[in-house]
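1. Sequence below, structure please.
(chains A and B)
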Protein chains: 2
Amino acid sequence: MNPFLKAAFDEAQLGIQENGIPIGSVLVIDEEIVGRGHNRRIQNGSSILHAEMDCLENAGRLTASDYARAMLVSTLSPCDMCSGAALLYKIPKIIVGENRTFQGPEAYVRSRGVDLQIINDPECIAMMKYFIENSPSLWNEDIGLPS
Amino acid sequence: MNPFLKAAFDEAQLGIQENGIPIGSVLVIDEEIVGRGHNRRIQNGSSILHAEMDCLENAGRLTASDYARAMLVSTLSPCDMCSGAALLYKIPKIIVGENRTFQGPEAYVRSRGVDLQIINDPECIAMMKYFIENSPSLWNEDIGLPS
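-> The predicted structure is shown next:
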C-alpha cells in the first residue's frame, strides 16, 4: 500500500479501536505528513468531524502556499463537505483509497481543477464493507441518509 | 432584519467581541433555532470552524429527517466547505445575509436543488466590509487566498 494511504488506513484502524467509523486521512506537504485524522462523529458526538475535517483541523491553520503544495489522502472518497474543504483551501491533489462503497462529488471536484486519483485498495474496500454491513444506521447518518 | 438573520448577525457580533472573524450562522428547524455558531478560526486556532460549521457542530448529531426540515442562515455567502456541509446533510434551504463581499459556489449549490436566497442586508454588508478593510490578511486566510 502507498505509504501515505497506509498512514490514513492506520488512522481508520484507530477509529475502529474507539468504536468509531473507520475512515482515516492524512495531509501531506513536500512528502511529509503534516496532519492526521480519523472520523470522530461517534467519539466526539460531532456532526462535522469526518476524517478529512479532523485531519485538516489537526494540521492547524496553514497558509495558502502550504495548501498549494498539499495532498489530501483519505481511505474513502470524500463527501460533499470534505471535498468542499479541499476546494476552499485549493488543495491540488486528493488520493482516495477507495470509492466502491461510497462516492463523493468526484466529477465536480475534478471540474474545479483538482487531481483526484482513486486507488481502490482491497484493504480499504474490505474495511468499509465490513463496517457498513455491521453498522448500517451509523453509516447512513454519516452520509446524510435516513438511518 | 429577518429574526433568524438577526440571530446569525448577533453571533457574528459575538465573534467581533472575541477579536474573531465576524460571520455568524444559525440552523432553524420548524421555525426554531436549534444551533448557533460563529467563525472561531482565530479564537480556537481552527482551520475548519467557519460560522456554519460551528453552528452545525453546536446543533449536534441530527437525523436526516431533521436536516430535511432545516434552514441554514448565515450572514455571508457560504464558502465551498460550508456549502458542502449543507449538501452532505441535504439541508434544503439556505438564507444568506449578503454576497457582496464574498460569494461561495451559489450556482452549484442551487444546481443540487437547494433553495438559496440572498438578502443583501446593509448591516451584514457593512460589518464584513469593515472587517475586510481592517484585517485583509486574516480574511484572505479564511477563504484560502494568500494573506
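2. With adjacent residues omitted, what lies nearest to the residue of chain A found nearest chain B?
-> Residue nearest to chain B within chain A: A:G84 (2.4 Å; Cβ to the nearest Cβ). All C-beta atoms are positioned from the backbone trio N, CA, C, and that covers glycine. Nearest residue to A:G84, sequence neighbours excluded (Cβ to Cβ, 6 or more residues apart in numbering or on different chains): B:G84, at 2.4 Å.
3. Looks like that neighbour contacts A:D80 (just checking).
-> Yes - the pair B:G84 / A:D80 is scored as a contact, 4.2 Å apart, by Cβ atoms under 8 Å.
4. Neighbour count: the two, which is higher?
-> Higher neighbour count among B:G84 and A:D80: B:G84, with 30 against 25, using other Cβ atoms under 10 Å in any protein chain shown.
5. can you tell me the average pLDDT over stretch A:24-41?
-> Stretch A:24-41 shows a mean pLDDT of 98.
6. Can you mark which positions in it are buried?
-> In terms of neighbour count (16 or more other Cβ atoms under 10 Å in any protein chain shown), stretch A:24-41 has its buried residues at A:24-29, A:33-41.
7. Over to stretch A:54-61?
-> Result for stretch A:54-61 [16+ other Cβ under 10 Å]: buried residues A:D54, A:C55, A:L56, A:E57, A:N58, A:A59.
8. Next up, phi/psi of A:L76, please.
-> Main-chain dihedrals, A:L76, degrees, to the nearest 10: phi -130, psi 150.
9. which one is it nearest to, not counting chain neighbours?
-> Leaving aside its sequence neighbours, A:L76 sits nearest to A:I23 (Cβ to Cβ, 6+ apart; 5.0 Å).
10. Show me which residues of chain A sit near chain B.
-> Selection of chain A residues close to chain B by Cβ under 8 Å from any Cβ of the partner chain yields A:41, A:45-48, A:53, A:56-57, A:59-65, A:67, A:79-85, A:87-90, A:105, A:108, A:140-141, A:143-147.
11. what do you get if the cut-off is 6 Å, keeping everything else the same?
-> By Cβ under 6 Å from any Cβ of the partner chain, the residues of chain A that approach chain B are A:47-48, A:53, A:56-57, A:61, A:64, A:79-81, A:83-85, A:87-90, A:144-146.
12. that older thread, how about the residue nearest to A:G84, phi and psi?
-> Dihedral angles of B:G84 (phi, psi; degrees, to the nearest 10) stand at phi -60, psi -40.
13. do the same with A:R112
-> Reported as degrees, to the nearest 10, the phi and psi values for A:R112 are phi -90, psi 10.
14. Can you give me the neighbour number for it?
-> For A:R112, the neighbour count with other Cβ under 10 Å is 15.
15. ok, it - contacts?
-> Contact partners of A:R112, counting by Cβ atoms under 6 Å, 6 or more residues apart in numbering or on different chains, are A:L87.
16. Could you do A:D121 as well?
-> So, once contact is read as Cβ under 6 Å, 6+ apart, A:D121 ends up touching A:M1, A:G97, A:E98.
17. what's the closest non-adjacent residue to A:I132?
-> Leaving aside its chain neighbours, A:I132 sits nearest to A:W139 (4.9 Å; criterion: Cβ to Cβ, 6+ apart).
18. Can you pull the phi/psi pair for that neighbour?
-> When read as degrees, to the nearest 10, the backbone of A:W139 gives phi -70, psi -40.
19. That one: neighbouring residues, count only.
-> For A:W139, the count of nearby residues is 18 (other Cβ under 10 Å).
20. Tell me if I'm right that it and A:E133 touch.
-> No - with contact defined as Cβ atoms under 6 Å, A:W139 does not reach A:E133; the gap is 9.2 Å.
21. Pairing partners for A:R36 in the sheet, please.
-> Per DSSP bridges, residues listed as beta-bridge partners of A:R36: A:V26.
22. Let me fix that, I meant to ask about A:E32.
-> Beta bridges link A:E32 to A:I29, judged by DSSP bridges.
23. Would you mind stating the distance between the residue nearest to A:Y67 when sequence neighbours are not counted and A:I125?
-> Distances taken as Cβ to Cβ, 6+ apart place A:Y89 nearest to A:Y67, at 4.2 Å, with adjacent residues excluded. Distance, A:Y89 to A:I125, using Cβ to Cβ, to the nearest Å: 28 Å.
24. the more surrounded of these two?
-> It is A:Y89, of A:Y89 and A:I125, that has more neighbours when counted by other Cβ under 10 Å, with 26 against 18.
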